[in-house]
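**Student:** Just the structure for this:
(one chain, ligands or ions: 1)
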Amino acid sequence: MARKKAKTKSTTPKKQPVKISFKLSKQQKIVLGSFLFLLGIALLFSFLSYFFSWQADQSTLNSLGDRSVEAQNWLNKFGAALGDFFIYQGFGIAAFALAVLVTLTGFYYFFDRPKKSLQAYWFWGIIVMLWFSVFFGFFAQSNALLGGMVGFELNDFLQDYLGLIGTILVLAFVAIVYLAVRLKLTPELVGQYLSRKRNDLKSEFDEQDDEISFEDTAFEKDNIELPVDDAADEDLEDFEEPVLKSAPAPAPAPPKPVVNEAPKPAADEEFEIEIEETIEEEEVEENLSTKLVQDFGEFDPTLELSNYKFPSIELLKDYTQGQSITIDQEELEENKNRIVDTLKNYKIDIAHIKATVGPTVTLYEIVPEAGIRISKIKNLEDDIALSLSALGIRIIAPIPGKGTIGIEVPNKNARIVSMRSAIASPKFQNAEMELPLTLGKTISNETFVVDLAKMPHLLMAGATGQGKSVGLNAILTSLLYKKHPAEVKFVLVDPKKVELTLFNKIERHYLAKLPDTEEAIITDNTKVIHTLNSLCIEMDNRYDLLKDAMARNIKEYNAKFKKRKLNPNNGHKYLPYIVLVIDEFADLIMTAGKEVETPIARLAQLARAIGIHLIVATQRPSVNVITGIIKANFPARIAFRVTSKIDSRTILDSQGADQLIGRGDMLFTQGNELVRVQCAFVDTPEVEKITDFIGSQKAYPDAHLLPEYVGEEGGTSLDIDVGERDALFVEAAEVIVTAQQGSASLLQRKLKLGYNRAGRIIDQLEAAGIVGPFEGSKARQVLVTDLNALHQQLNNE
Ligand SMILES: Nc1ncnc2c1ncn2[C@@H]1O[C@H](COP(=O)(O)OP(=O)(O)OP(=O)(O)O)[C@@H](O)[C@H]1O
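**Tutor:** Below is the predicted model of the structure:
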């Protein structure tokens, strides 16, 4: 498995920086440990021997390369050189600390002990070494070996600046720091220690006195029981007796002070407190998960499709070829003059004007003369539009964060922002986001990249033909270029049946579906309800997993799973993000109403932490489609051009979307200010190329399966009263029998019914024995063969 993983890393197309791991295997630790341990011993020997042989070996140091020269050090020339380097040139006697530290390190590695306390040993060890070295530096005149060169030089340096007293004070301070921090010595502890010593001494004296008195009475050893009986409590009897009986004459001495002194302490001024030494627990670093990670490496969710190749940028078309940002000076000048003139006509003087040329619009930022009312300029929108003879002038007064007023004027020649340039931009490529989306370019030609995971859901609206489908494709393409199939799954709902069909090819890579369904892309409203409810179940399951793993969100959960801290046997698994895309929400909400709204609202409210994100698009941004509850849970919104100010308010809570110029011109908000963005253009053939490329690669055996949802239809009671039948019951029966297809959506289409009503009629048809029972995703079986049989059956009722 480990080998396979290594292979994955090398072939994975995503350019990730190669991670260098400094983790050692058990064997490497044994080798390194024994080496360091023996090196430490060698240092000890060479240092020790250096003190006896350094004078004799002085000359040897100059001819180390000469094989014939012998040194007297126990480790010969090597030992002599080490001793000279660490003791004479280095730290003097204190260099022994170094040898001890190296030995200790070897010991730690050999036995694979946690390294935390080792770091403390090194830190304090080096301080102690330097301290002694500097301290012995005072005696360098009498013996240079005591403090070594380092000690002498440091001592000299300190004395140059602080003088002798200053240096002594610094050393004293460092010593106090060491005693207080490392040895945890406090004045109280020292006091207690001294008083204990004093007590010991005192009791020693007392004992001596007792011994003397014992000696005096030693001859009375046979009847020694008598005085003890007098003094001792009853409880002590059973413990005293054997001692007294078996012990020779002086033996009774020890119990005596115990017996006599035990009740005393209350009266005794200096009773001691015994402080039990506490041993600091070492942290257990090496638990099962780190061991698993050590042995197998981190869990790699991409392993199953390890050879998966991300689509290359070449699959996208470059629409901007030869169309780099061209600033039409004449157009700019003309527009500027017209703006200035129009405003002048209304007695608005301008202090300053600045233009920023974007892909589709140019922003003229004006600073009006002092005393001009902002509302006055805002009201001139139509007049400026008229004088510039341009549609879609938008006035931003004032521009948030700037003290200026913005007038956005469409360019005569709008430029297409190609998806290729957006994907290739460093901003997108280097985006450290969970679900990065590149939506296009802002007015200042910056690539606009946002994180879907942070939004956490997105609402898109725009009149037909203004670029919604292209926008959805741009979003999906962004994710396809950044996320491995193991990391994200799409649930695509496409009632229009044409827009998202291209993504069918990547079903087994990127799509999620209900079990037992054939097509992953959902076009049928009944299935939408099932899928939404299934996603709610998935959400609840994921919350349970997160709770069990004590993770706050999917990111933390997956990080824990990758570190092998969660046991797959307990149901834990790597959780991919799920992005639910609904193209044409209006249609859905009109036909299914609450049945769709409720699970969507639930998902929107709760699903952010567990990685389910919703993208809902609609042509009709009216209040009965984008209801209050939906709006409240979709803070991030995109508005393409809409036809009325009211629509703009419904989607954005402000006007502006009605003044856009279409063809991907959009406004984006994430709850606060509006950003005007030209949506990146990705054409159907480009999406087709990408899905072909991905689809041709090795895939998972099936699409990602969502939990099963058993709809209410499954348990419908069959005893529906004949009198309670729907007015359209007979008509519906005829439709079903003629088409020989028992589906509610057929009734919806043919009889123009809502989903609920159609569902009810199907239940009634089932009760009447015209269609069979609910069979999951398949249409119900029609039990009546033709219209004649149907009428006969109905007449017989
Ligand atoms: N970002 C864009 N850049 C340039 N042209 C665009 C862009 N987006 C859309 N267009 C143009 O507008 C046309 C319609 O776009 P699109 O199909 O996305 O509209 P729509 O809003 O989805 O319409 P409908 O709701 O009817 O499906 C496209 O064929 C394209 O010519």
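
**Student:** Around the residue of the chain found nearest the ligand, count how many other residues there are.
**Tutor:** Relative to the ligand, the nearest point of the chain is G664 (2.2 Å; Cβ to the nearest ligand atom). Quick note: C-beta positions are derived from backbone N, CA and C, even for glycine. By the measure other Cβ atoms under 10 Å, the count of residues near G664 is 27.

**Student:** And for D587?
**Tutor:** Residues near D587, counting by other Cβ under 10 Å: 18.

**Student:** Make 5 the first number, not 1, from now on.
**Tutor:** Sure, I'll start numbering at 5, so the last one becomes D591.

**Student:** In contact with it: list those residues for me.
**Tutor:** Neighbouring residues of D591 by Cβ atoms under 8 Å, 6 or more residues apart in numbering: P499, K500, N529.

**Student:** Alpha carbons of the helix or strand where it lies, as CSV, please.
**Tutor:** Using DSSP states H and E, D591 sits in helix 589-596. The C-alpha trace of helix 589-596 is given here as CSV (Å, rounded to 0.1, in the frame of the first residue of the first chain):
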residue,chain,number,x,y,z
PHE,A,589,-35.7,26.8,-9.6
ALA,A,590,-38.8,28.6,-10.5
ASP,A,591,-40.2,25.7,-12.4
LEU,A,592,-39.6,23.4,-9.4
ILE,A,593,-41.1,25.6,-6.8
MET,A,594,-44.1,26.3,-8.9
THR,A,595,-44.9,22.6,-9.3
ALA,A,596,-43.8,21.2,-6.0
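
**Student:** Could you tell me the angle between the helix or strand following it and helix 589-596?
**Tutor:** Toward the C-terminal end, the helix or strand that comes next after helix 589-596 (DSSP H and E) is helix 598-610. Interaxial angle, helix 598-610 versus helix 589-596 (axes from the mean of the first three to the mean of the last three Cα atoms, to 10 degrees): 130 degrees.

**Student:** chain center to helix 598-610: distance?
**Tutor:** Once both centres are worked out by Cα atoms, centre = their mean, to the nearest Å, helix 598-610 turns out to sit 26 Å from its chain's centre.

**Student:** Which element is encountered next along the chain beyond it?
**Tutor:** Once the chain leaves helix 598-610, the next helix or strand it forms, by DSSP H and E, is strand 616-622.

**Student:** packing partners for that following strand?
**Tutor:** In this structure, strand 616-622 makes packing contacts with strand 462-465, helix 472-486, helix 529-553, strand 581-587, helix 589-596, helix 598-610, judged by 3 or more Cβ pairs under 8 Å, 6 or more residues apart in numbering; DSSP states H and E.

**Student:** So for that strand, mean pLDDT?
**Tutor:** Averaging pLDDT along strand 616-622 gives 92.

**Student:** can you list the residues of the stretch 455-604 of the chain near the ligand?
**Tutor:** Residues of the stretch 455-604 of the chain lying close to the ligand by Cβ under 6 Å from any ligand atom are G466, T468, G469, Q470, G471, K472, S473, V474.

**Student:** Farthest pair within those residues?
**Tutor:** T468 and V474 (12.3 Å; Cβ to Cβ).

**Student:** just to revisit the earlier point, residues contacting the residue of the chain closest to the ligand?
**Tutor:** T364, V421, G444, Q470, G471, V474, G475, F644, Q682, C683, A684, F685.

**Student:** Go through these and say which is closest to I766.
**Tutor:** When the contacts of G668 are compared against I766 (criterion: Cβ to Cβ), the nearest one is G475, at 36.2 Å.

**Student:** What is the neighbour count of the residue lying closest to that closest one once chain neighbours are set aside?
**Tutor:** Nearest non-adjacent residue to G475, counting by Cβ to Cβ, 6 or more residues apart in numbering: C683, 5.1 Å away. Look at C683: counted by other Cβ under 10 Å, it has 32 neighbours.

**Student:** pLDDT score assigned to C683?
**Tutor:** The model reports C683 with a pLDDT of 93.

**Student:** so what's the backbone phi/psi at the residue nearest to E677 when sequence neighbours are not counted?
**Tutor:** In space, and not counting its chain neighbours, E677 is closest to P404: 4.7 Å by Cβ to Cβ, 6+ apart. Phi and psi for P404, reported as degrees, to the nearest 10, are phi -60, psi 130.

**Student:** Any idea how many residues pack against P404?
**Tutor:** 9.

**Student:** neighbouring contacts of stretch 181-188?
**Tutor:** By Cβ under 8 Å, 6+ apart, stretch 181-188 touches W128, I131, V132, W135, L189, T190.

**Student:** Which of those are buried? Put it as a PyMOL command.
**Tutor:** Buried residues among the contacts of stretch 181-188 (16 or more other Cβ atoms under 10 Å), as a PyMOL selection:
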select buried, resi 128+131+132+135
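
**Student:** and which of the contacts of stretch 181-188 is nearest to Y113?
**Tutor:** W128 (19.3 Å).

**Student:** what separates the closest one from Q659, distance-wise?
**Tutor:** 69 Å (Cβ to Cβ, to the nearest Å).

**Student:** Show me which residues of this protein sit near the ligand.
**Tutor:** 420, 466, 468-474, 623, 667-668, 683, 685.

**Student:** Can I have the buried ones of the residues you listed as a ChimeraX selection?
**Tutor:** Buried members of those, defined by 16+ other Cβ under 10 Å, are picked up in ChimeraX with:
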select :420,466,470,471,472,473,474,623,667,668,683,685
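
**Student:** Adding distance to L166, write the residues of the chain next to the ligand out as CSV.
**Tutor:** Below are those laid out as CSV (distance: Cβ to Cβ, whole Å):
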residue, distance to L166
I420, 74
G466, 77
T468, 84
G469, 83
Q470, 78
G471, 75
K472, 77
S473, 78
V474, 75
Q623, 82
R667, 77
G668, 73
C683, 70
F685, 73
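
**Student:** Which pair of the residues of the chain next to the ligand spans the longest distance?
**Tutor:** Farthest apart among the residues of the chain next to the ligand - using Cβ to Cβ - are I420 and Q623, which lie 22.7 Å from each other.

**Student:** Would you map the helices across the stretch 605-754 of the chain?
**Tutor:** 632-636, 649-656, 688-699, 733-743, 748-755 (DSSP state H, counting those that start in this stretch).
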